[in-house]
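[1] model this:
(chains A and B)
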Amino acid sequence: MAAVAVERPPSPSSSHASGIGDGTSREGSIPSSTSARSVSSPVFTSLSPDLHLGDWYIDQIDEKIRTLKLSGHVGFDSLPDQLVAKSTQNGFTFNILCIGETGMGKSTLMDTLFNTSFESNPAPHTLPAVKLKSHTYELQESNVRLKLTIVDTVGYGDQINKGDSFTAIVDYIDKQFDDYLQEELKIKRSLSAYHDSRIHACLYFICPTGHGLKSIDLVCMKKLDSKVNVIPVIAKADTISKSELTKFKQRIIQEIKANGIQIYQFPTDDDTMAKVNTEMNNQIPFAVVGSTDFVRVGNKMLRARQYPWGTVQVENESHCDFTKLREMLIRTNMEDMREVTHQRHYELYRKKILETMGFSDVGQDNQPVSFQQTFEQKRVEHREELQRKEDEMRQTFVLRVKEKETELKEVEKELYTKYDTLKREHAEEKKRYEDLKKRLDEEKAEFQKRKHQVATQQLTSHTLTLGKTKKK
Amino acid sequence: MRTYHQSTRRDLNCLKSDMVIKGRSGLGKSTFVNTLFKATVARRKSGEEEPLPSTTEVKTVSSSLSEGGVRLNLTITDTPGFGDHINNENCWEPIVSYIEAQYGRYLQEEQKVDRLLHIPDTRIHCCVYFIPPTGHSLSSLDVEVLQRLDKIVNVVPVVAKADTLTLEERAAFKERIRADLSDHAIKVYPLQEYEDLDDAPENMKIRERLPFAVVGSTTWHEIHGKKLLGRRSNWGLVEVENKSHNDFAYMRDMLIRTHMQDLIGSTAERHYENFRRARLSTKTTSKVNIVNGQDTDHMEDLNESKI
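    Down below sits the predicted model:
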């Protein structure tokens, strides 16, 4: 259902138009800005009263939106003021990512842009991998609060093999999107209080060689152009002369176009800003100079870089494009950059992630499927999977137990048989020994008998001899 | 003021304001809406042409109004047949279903993979509840309905046809209604618990005046050379815009000139989020473990299932 009103040219009907049709007659004359209502009869639609709560797929209501003329001052023209007041109260967030080699002047440019000193330490040249450092600052101007986050790449372009330079950057940007997506998908969420850390603008610092873009520049920009608003900037522009600068800019634009890189274009659909923005679009990339030193020029203190042969004034349009960059970045298009980040880059990311997870808007029969259903389906599948695995494991466990049992039983049986044989042997030996013992006993007994016999024989023989001697 | 301009151009072109007007027939709802927006937004039925609908119906009319470069897409939802029957049990259900259906539709669009940039916002931002000017107190039907509505939408109670009450009767009636509302714990807009400190004194003044006693009229009369909207009778002229005659001006200021953005914002932030939370929690009851008071979120479950 389109929320856009259908504009029809007012038909010049008289103020007592019977087309109004509600039967009221107006007494006196009505102020002339009213009355002409020019539309065919509106369609009254009534929804069936049995729309129950689980019913997601409500048919499109065909409403013809009528354009009405007001007969007096109602007062909703204060709505923009209400909106502005509300937004000012909440404060704004803006996140900038600066990509460039060490020593390009990124931190100095940030200081110059926001007219404060952010106090960042210059980075060394010897880092093994690209790291991102982010700092958040709260700035206030009149009664508008801005939460500014500046993310710096440290160690970019310092390695010998620069192949992985951009992975850290892409991962960081993706992580910010992911955090936001997580928050959006939560059940208990608080989007209005959430600190939005998605990158709204990416300033890419180009080395002022004068020849063209380096291959790492092209590769990096290509990877980033669908994730973030890329604004290429020529750093340290005071090293290039004017004529070389124009040629350099042309080369850069050519190379960018040739590689199909989509850099951020300032919006040209708004009538008031269209002309200025188109002009600025033709001046990209901006050649900037940053400075934290103030130099006295004439009777004013200006930001400038002082050389023996002259002074480069930062805010002078003929010296460099700094003022244009500041104008475009902060004063004109900040809100547009935030919108584009949210509506284009974030939505793209979200779509990709959800699709890789298997969600889609259209189910198997080309019926529209809601997120809820897909999620439920997945959960049911997952649960079934878990159940199946559990059953499998249980079965294997039972099998194993059975095996072990049979093993143990066999061992037990063996033990018993062994025990039996041992016992038998034992018994046999015992018997044998008993036999031996019996025999020994018998022999002993016999021996005793014989001994006794011999003894008695001797005695009798003795008595015989004894008797003989006595008779004498 | 660049933001001013931009917001005029972009956001408000898609700005929608939805209102539900509820009350029994004959209370002057359509006239009120027409007076409020100074345009024939709602068509009054001339006489009783159609028979009373057997159940409460929900009818919507959309219009586009333009003032000072600001375009407002206004949708008024009317509820004919509400409270008109002998047995009024569950007459609020079609309305509650309608409101929740709008939330459901927004939620569905929000959750799509390929979703629109500007989701068409049909959620009800404000519900104007018309109380008949009996002079006694809130009827049991009113109490029942308000108890159900205040949790899902911003409710603004209004005493209709206030010219039937004298000023003293009006004050007493308002007192009794306020007492009734607080007895039954009905929270009407502006809500006390969510307001910012800066708005507190303003909101206090508004709350002291609740419910607004209004008189609506679309007929112009000429008095001493001035043109006034009002109702003329034999004993005098009730002026719509006169603050000593009725509260219409206060209500119009609150609804349109100062609190419109807040109405839209609080619907999106509070009522919609409550609905969304309730809707998503019921689907995931088995997975909801209240760890530190937070429900497990979708992504964790999804990541689990991926493994």
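[2] how far is the helix or strand that residue A:303 is a member of from where the chain is centred?
    Assigned by DSSP states H and E, residue A:303 belongs to strand A:300-307. The chain centroid and the centroid of strand A:300-307 are separated by 44 Å under C-alpha atoms, centre = their mean, to the nearest Å.
[3] So what touches it?
    A:112, A:238, A:289, A:291-297, A:311-315 (C-beta atoms under 8 Å, 6 or more residues apart in numbering or on different chains). All C-beta spots, glycine's among them, are computed from the backbone N, C-alpha and C.
[4] Which of those are buried? Put it as a ChimeraX command.
    Buried subset of these, written as a ChimeraX selection, criterion 16 or more other C-beta atoms under 10 Å in any protein chain shown:
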select /A:112,238,289,291,295,312,313,314
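[5] Can you flag which of the contacts of strand A:300-307 belong to strands?
    Secondary structure assignment (DSSP state E) places A:294, A:295, A:296, A:297, A:311, A:312, A:313 from those within strands.
[6] I'd say the last one and residue A:297 touch.
    Yes. With contact defined as C-beta atoms under 8 Å, residue A:313 reaches residue A:297; the gap is 6.5 Å.
[7] Give me the helix or strand of chain A that scores worst on average pLDDT.
    Within chain A, confidence by mean pLDDT, DSSP states H and E is lowest for strand A:45-47 among all helices and strands, at a mean of 36.
[8] is the next helix or strand after it anywhere near chain B?
    Heading C-terminal from strand A:45-47, the first helix or strand you meet, by DSSP H and E, is strand A:66-67. Yes. Residues of strand A:66-67 contacting chain B under C-beta under 8 Å from any C-beta of the partner chain: A:66, A:67.
[9] For the following helix or strand past strand A:66-67, list the C-alpha coordinates in CSV.
    Remark: after strand A:66-67, the chain's next helix or strand is helix A:79-90, criterion DSSP H and E. Output in CSV follows, covering the C-alpha atoms of helix A:79-90 (Å, rounded to 0.1, in the frame of the first residue of the first chain):
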residue,chain,number,x,y,z
LEU,A,79,5.9,18.8,12.6
PRO,A,80,9.4,19.4,11.2
ASP,A,81,10.1,21.5,14.3
GLN,A,82,8.9,18.7,16.5
LEU,A,83,11.1,16.3,14.6
VAL,A,84,14.1,18.5,14.8
ALA,A,85,13.6,19.1,18.5
LYS,A,86,13.3,15.4,19.1
SER,A,87,16.4,14.6,17.1
THR,A,88,18.5,17.3,18.7
GLN,A,89,17.5,16.0,22.1
ASN,A,90,18.7,12.5,21.2
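[10] on that earlier part again, farthest-separated two in the contacts of strand A:300-307?
    The distance between the two most remote of the contacts of strand A:300-307 (C-beta to C-beta) is 18.8 Å, for A:238 and A:296.
[11] now, among the ones in strands among the contacts of strand A:300-307, which is nearest to chain B?
    The closest of the ones in strands among the contacts of strand A:300-307 to chain B turns out to be residue A:313 (C-beta to the nearest C-beta; 26.6 Å).
[12] Might you report the residue contacts of residue B:131?
    B:23, B:138, B:142, B:157, B:158, B:159, B:160, B:177, B:211.
[13] Bridged to the nearest residue to the first one once chain neighbours are set aside, which residues?
    Right, residue B:23. Residue nearest to residue B:23 in three dimensions, not counting chain neighbours: residue B:130, with 2.8 Å by C-beta to C-beta, 6 or more residues apart in numbering or on different chains. Applying DSSP bridges to residue B:130 gives these bridge partners: residue B:158.
[14] wouldn't residue B:130 be in contact with residue B:24 here?
    Yes. If you go by C-beta under 8 Å, residue B:130 and residue B:24 touch, sitting 7.5 Å apart.
[15] which stretches of the stretch 251-400 of chain A have low pLDDT?
    A:359-373 (pLDDT under 70).
[16] got the CA coordinates for the helix or strand containing residue B:265 in PDB?
    Using DSSP H and E, residue B:265 sits within helix B:260-266. C-alpha atoms of helix B:260-266 as PDB (Å, rounded to 0.1, in the frame of the first residue of the first chain):
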ATOM      1  CA  MET B 260       2.100  14.700  17.100                       C
ATOM      2  CA  GLN B 261       5.700  13.600  16.700                       C
ATOM      3  CA  ASP B 262       5.700  12.200  20.100                       C
ATOM      4  CA  LEU B 263       2.600  10.200  19.400                       C
ATOM      5  CA  ILE B 264       4.100   8.700  16.300                       C
ATOM      6  CA  GLY B 265       7.500   8.100  18.100                       C
ATOM      7  CA  SER B 266       5.900   6.500  21.200                       C
END
